[in-house]
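Q: sharing a model that was predicted from the sequence below.
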Amino acid sequence: MLKSLNTYLFQPESFENLLHTAEIVVDTNVLLAAYQYRNITFRELIITLEKLHEQARLKVPSHVIKEFFKNRPERIVEIIQTVQQVRDGLPDIKKIESIEKKIPSMEYLSNHPEIHSIEEQIISLSNEYKIKVKDYRVKLTDLTDELKSFFINDPILDKYKKIFTEATFKPETLPDYEQMQTEFRSRALTNLPPGYKDGKKQENGEGDFIIWKHILEIKENDVIFITADNKTDWVYKESNGNVINARRELIEEFYEANERSFCIVHPSTFLKAFNPGIDTEVIEDMNTKLEETNHIHQNIMDLNDEGDSIRANKEYSRLFKLLLEKGKVTRYTLGTSLNLDQVLYSASIHKPFYNELLKKADKIACLDVPDSEKHKRYNELASYGYTLQPED
């Protein structure tokens, strides 16, 4: 269908001009992030959502609700696994033996008393460390038990209850699921946003498109879409992953449907503008390295799609460095096995498989065997990872 000249000439309102009047639509990733945010951040998020609901401006697409409940258990499991990895990755201290046992003549040397005193201090500190680590492991186990209770009594879900009950948006004019699936497949073939980046998925690739169909049914008002998704089938972005603006195709499609403005903003950008006095701690929490990792994940997929393997490999290196900094690698260290490093780079966008490989690498690193035997096992693990690595 040909677009009108008015559509091509249309210039949307800025986010700042729409902030206090537009309808607000939230994406699934915004709601699920509550399981990663600190308490102060989640409190600000829920207060903001409740204010928007009181103003009758908040809309949560029914498909967002569906995705939230589908992904919520996995998110809780991920948190439990993270705590368990921290608990199991706490380093033990080897027993300190007196130098006298190896060099008996030490007792005749002038600095023997000082050495003996230091040894006693080290042993004392080692014993104290062991006690503290043991206590810490017990507390982390208690924490995992408390997190498991989220499947029965979830305090985050309780906070969302009112919003989910009263702000869910499922317009009667929304096409049925089969129609939307057919339209999505047709659009994906021509790379028409949104959602075509998920067009190769065997399951649920149409999720973004269904949310977009909800948005298109909002009539007689502008729309701000709050999402942490920075895929190129939603937005234009800078080289570092920061969002510049919504795709022009989306702005024009929304204008043709409603003659109104549409924009996309990151949750931290929205909260900062909506509440200028917000604690900087909240904004920093929303812009953590975990989110940067998500940006890199997407950059890797984009570069692979474009066939730019050199830049993709650089992104792999960048991602792995971030994972190291975040403590995801507790025993195995980068550079120990180049073959295994490369497989881990590639597997990093498949979190469950990546964690499986890393756990096996950690076990090898802790073996009391010669380095040659460890390298042999690292290469075997690399072959295993290369053979079984999931497809994107």
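A: That came through, no problem.

Q: quick one: mean pLDDT for the helix ranked longest in the chain?
A: Taking DSSP state H as the criterion, the chain has its longest helix at helix 112-148. Mean per-residue pLDDT for helix 112-148: 87.

Q: and if you look at stretch 275-284?
A: Stretch 275-284 shows a mean pLDDT of 86.

Q: now do stretch 21-37
A: The model assigns stretch 21-37 a mean pLDDT of 92.

Q: compute the first-to-last residue distance for it.
A: The first and last residues of stretch 21-37 sit 27 Å apart, counting by Cα to Cα, to the nearest Å.

Q: got it, and stretch 191-205?
A: Length of stretch 191-205, first residue to last, Cα to Cα: 13 Å.

Q: go on, stretch 355-374?
A: End-to-end span of stretch 355-374 (Cα to Cα): 19 Å.

Q: buried residues, that stretch. List them.
A: Using 16 or more other Cβ atoms under 10 Å as the test for burial, stretch 355-374 gives N355, L357, L358, K359, K360, A361, D362, I364, A365, K374. Where C-beta positions appear, they are placed from N, C-alpha and C, glycine not excepted.

Q: where in the stretch 51-200 of the chain is pLDDT low?
A: Residue ranges of the stretch 51-200 of the chain with pLDDT under 70: 102-110, 112, 197-200.

Q: could I get the full set of strands for the stretch 251-392 of the chain?
A: Remark: strands assigned in the stretch 251-392 of the chain by DSSP state E, counting those that start in this stretch are 262-265.

Q: let me see the ranges of the helices in it.
A: Residue ranges of the helices in the stretch 251-392 of the chain, as given by DSSP state H, counting those that start in this stretch, are 267-274, 280-286, 289-305, 309-325, 338-347, 351-365, 371-388.

Q: which of those helices comes out lowest on mean pLDDT?
A: helix 289-305 has the lowest average pLDDT among the helices of the stretch 251-392 of the chain, namely a mean of 50.

Q: so what's I163 up against?
A: Neighbouring residues of I163 by Cβ atoms under 8 Å, 6 or more residues apart in numbering: L49, E50, H53, L58, V60.

Q: for N258, give me its contacts.
A: N258 touches L216, I218, K219, E220, N221, counting by Cβ under 8 Å, 6+ apart.

Q: put together JSON lines for the residues you listed, with pLDDT on each row.
A: Output for the contacts of N258, formatted as JSON lines (pLDDT from 0 to 100):
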{"residue": "L216", "pLDDT": "95"}
{"residue": "I218", "pLDDT": "94"}
{"residue": "K219", "pLDDT": "89"}
{"residue": "E220", "pLDDT": "87"}
{"residue": "N221", "pLDDT": "94"}
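
Q: helices - which of those residues land there?
A: Mapping the contacts of N258 onto helices (DSSP H) picks out L216.

Q: still on that earlier bit, any buried residues in the longest helix of the chain, and which?
A: In helix 112-148, counting by 16+ other Cβ under 10 Å, buried: L140, L143, L147.

Q: which of those residues sits closest to S337?
A: Nearest to S337 among the buried residues of helix 112-148, counting by Cβ to Cβ, is L140 at 29.3 Å.

Q: with adjacent residues omitted, what lies nearest to that closest one?
A: R87 (4.0 Å; Cβ to Cβ, 6 or more residues apart in numbering).

Q: list the buried residues in the helix or strand hosting that neighbour.
A: Assigned by DSSP states H and E, R87 falls within helix 62-88. For helix 62-88, burial by neighbour count (16+ other Cβ under 10 Å) applies to 63-65, 67-68, 71-72, 75-76, 78-83, 85, 87.

Q: other SSEs contacting that helix?
A: Packing partners of helix 62-88 (3 or more Cβ pairs under 8 Å, 6 or more residues apart in numbering; DSSP states H and E): helix 28-32, helix 112-148, strand 168-169, helix 207-216, helix 351-365.

Q: against which helices or strands is the helix or strand harbouring F184 packed?
A: F184 is located in helix 177-189, with elements delineated by DSSP H and E. For helix 177-189, the contact count by 3+ Cβ pairs under 8 Å, 6+ apart identifies helix 207-216 as packing neighbours.

Q: any idea whether V60 is helix, strand or coil?
A: Classification of V60 using DSSP: H, G, I helix; E, B strand; the rest coil returns strand.

Q: count the residues that sit near it.
A: Per other Cβ atoms under 10 Å, the neighbour tally for V60 reads 26.

Q: so in terms of bridging, what pairs with it?
A: Listed beta-bridge partners, V60: T168 (assigned using DSSP bridges).

Q: returning to what we had before: narrow the contacts of I163 to those that are buried.
A: Those of those that meet the buried threshold are L49, H53, L58, V60, by 16+ other Cβ under 10 Å.

Q: double-check that the second one belongs to a helix.
A: Same thing as H53. Yes: according to three-state DSSP, H53 belongs to a helix.

Q: surely it is in contact with T165?
A: No: H53 is beyond contact range of T165, at 10.3 Å (criterion: Cβ atoms under 8 Å).

Q: surely I79 and L147 touch.
A: Yes: with contact taken as Cβ under 8 Å, I79 and L147 are classed as touching, separated by 5.8 Å.

Q: before we move on, the earlier item: as JSON lines, the contacts of I163 with distance to E97 would be great.
A: Below are the contacts of I163 laid out as JSON lines (distance: Cβ to Cβ, whole Å):
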{"residue": "L49", "distance to E97": "59"}
{"residue": "E50", "distance to E97": "61"}
{"residue": "H53", "distance to E97": "65"}
{"residue": "L58", "distance to E97": "65"}
{"residue": "V60", "distance to E97": "63"}
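
Q: just name the closest of those residues to Y35, please.
A: L49 (15.5 Å).

Q: quick one: which helix or strand includes the closest one?
A: According to DSSP H and E, L49 maps onto helix 39-54.

Q: hmm, who's touching that helix?
A: Helix 39-54 has contacts (Cβ under 8 Å, 6+ apart) with 24, 26, 30, 33-34, 37, 58, 156, 159-160, 162-163, 166-167, 267, 270-271, 274-275, 278-279, 281-282, 285-286.
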